[in-house]
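Asker: sequence first, predicted model second:
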Amino acid sequence: MASAPLRTSVHTTGTWPRGRSKQRATRQSLRGSGMNHLTCVCADSSVHAQGLSEVSRRVHSIRPSKTMAITDKAQSMKEDGVRVIGLAAGEPDFDTPAPICDAAVAAIQAGRTRYTPNTGTSSLKHLICAKLSKENGLEYGEDCIVLSNGAKQSIAQAILATCDPGDEVIVPAPYWVSYPEMVTLAGAESVIVPTKVENDFLLTPEELTASITERSRVLILCSPSNPTGAVYPLERLQALADVVSQHPRLLVISDEIYEHIIYAPAEHHSFGALPGMFDRTLTVNGFSKCFAMTGWRLGYLAAPAHFASGAAKIQSQLTSGASSVAQAAGECALQLGPNGGEPVQRMVAAYKERRDFMMGALQAIPKVRVAEPRGAFYVFPNVEAYFGAGMTAEGFEGEISSVSRLCEYLLETAGVALVPGDAFGEPQCLRISYATSLSVLQEAMGSIASALSRIQRQ
């Protein structure tokens, strides 16, 4: 039986200007965010009385990123001289391939440092269209491509271009932390659909069917998945497409940013290439993860022309086009070879070795359950046996009552920074990024296993 989707309304606290009532936010609970009212510290206290220090209700309706918060805390500890192993951030540890850097330098020296067209240069869009045709079975014209400052912006604009207030966006959990917040910013409502570790965290057709209402507008799929590493096989995607096809208003945003980081025999399949799904699908991809270009900030949306035009209109009033230098680097990246060429495949081979080590290390820890990642560079173990009422550890103050408290414990006692699963809609798990060297992972897992062994129930 499919789990019931979550449609949770939230009332944030605080006094709103001009007698406004507390906001009814159509989103999941803010519990645990540690931040549901924002206050500025001003020299003139009269500012507060006048209401000038109050931020918008929109700001109150979204949560800060736990991933960034934990990364910042770990960095602060490092600056204080504490040894911390950071396995929280979703960032490759490899340098950007040298040919890409060389192409960027050449672009700078050639004076390619001015504004580009809002949706990107024709030369890069041409290469993206060719890549999508050859590798993904998607036939787009350049008018269907919108280059942005990272795939994150591409997803946000796809949601803004398709959703109105009151619409519902179906988000399978575990999910990337920003999906629900982007939906909230669009005035829509996230419908969170829990998936199961025993099903490899893959959405089933039955679960999708149970979540659809007359207000359903978008289904968000991420394959390979952040945070679980799950990869949707073709048969499951087709089964989901069969459900989507029965609902004329339902669209799909397919987040494919990790497409080249995949481990055989798993294969990547684009949702938009399935029969009847091209006009329903907005595909998002980019350069950050596969090409180790996180700091370059370059992503793209490929969508039917009317949706691409809508996203482009939004972008034109927010940021305008992506960096001209990053786009020159992107042109080189797409010419390194099929599936990113040899530089990307070398990185993938290293990720696979690390994935295999992580699976063995986690399976050796009693009562930890874990689904094998088929792609990306994350593993998402179920650690519910190590927290709850009465769970304590010597030297750690208070109960280890939740996965967030467990991550605090592991950071303080094992010196390892991880992300609690409640940030991804799954409070029984935590996310470990293995985008670091094997020797560092070996040290981290030894410390984690030792720390977990000291937890007891009183």
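Answerer: Looks like it came in fine.

Asker: quick one, helices of the stretch 201-350 of the chain?
Answerer: 205-211, 234-244, 305-318, 324-333, 341-363 (DSSP state H, counting those that start in this stretch).

Asker: pLDDT weak spots in the chain?
Answerer: 1-4, 7-50 (pLDDT under 70).

Asker: can you tell me the closest non-neighbouring residue to the residue nearest in space to the middle of it?
Answerer: Nearest to the geometric centre of the chain sits residue 176, at 3.3 Å (CA atoms, centre = their mean). Nearest residue to residue 176, sequence neighbours excluded (CB to CB, 6 or more residues apart in numbering): residue 226, at 4.9 Å. C-betas here are computed from N, CA, C, even on glycine.

Asker: next, find the distance separating that neighbour from residue 280.
Answerer: Distance from residue 226 to residue 280, counting by CB to CB, to the nearest Å: 23 Å.

Asker: tell me which of those two has more neighbours.
Answerer: residue 226 (26 against 22; other CB atoms under 10 Å).

Asker: surely the more buried one meets residue 256?
Answerer: No. Counting by CB atoms under 8 Å, residue 226 does not reach residue 256; the two are 11.4 Å apart.

Asker: looking at the helices of the stretch 201-350 of the chain, which is nearest to residue 458?
Answerer: helix 341-363 (25.9 Å; CB to CB).

Asker: helix or strand right after that closest one?
Answerer: As assigned by DSSP states H and E, the chain's next helix or strand after helix 341-363 is strand 378-379.

Asker: partner strands of that following strand, with direction?
Answerer: strand 430-433 (antiparallel) (DSSP bridges).

Asker: and stretch 402-414, end to end?
Answerer: Using CA to CA, to the nearest Å, the end-to-end distance of stretch 402-414 comes out at 17 Å.

Asker: touching it from outside, list them.
Answerer: Contacting residues not belonging to stretch 402-414 are listed as 32, 70, 73-74, 77, 84, 383-384, 386-387, 393, 395-396, 398-400, 416-422, 427-430, 444, 447-448, 450-451, 454-455 [CB atoms under 8 Å, 6 or more residues apart in numbering].

Asker: just the ones of the residues you listed in strands?
Answerer: When the contacts of stretch 402-414 are checked against strands (DSSP state E), the matches are 393, 416, 417, 419, 420, 430, 455.

Asker: and which of those residues is nearest residue 310?
Answerer: residue 419 (32.7 Å).

Asker: ok, the closest residue to the closest one other than its chain neighbours - contacts?
Answerer: Nearest-residue entry for residue 419: residue 431, 4.4 Å, with adjacent residues in sequence omitted and distances by CB to CB, 6+ apart. Counting by CB under 8 Å, 6+ apart, residue 431 touches 88, 227, 378, 379, 380, 418, 419, 420, 421, 423, 424.
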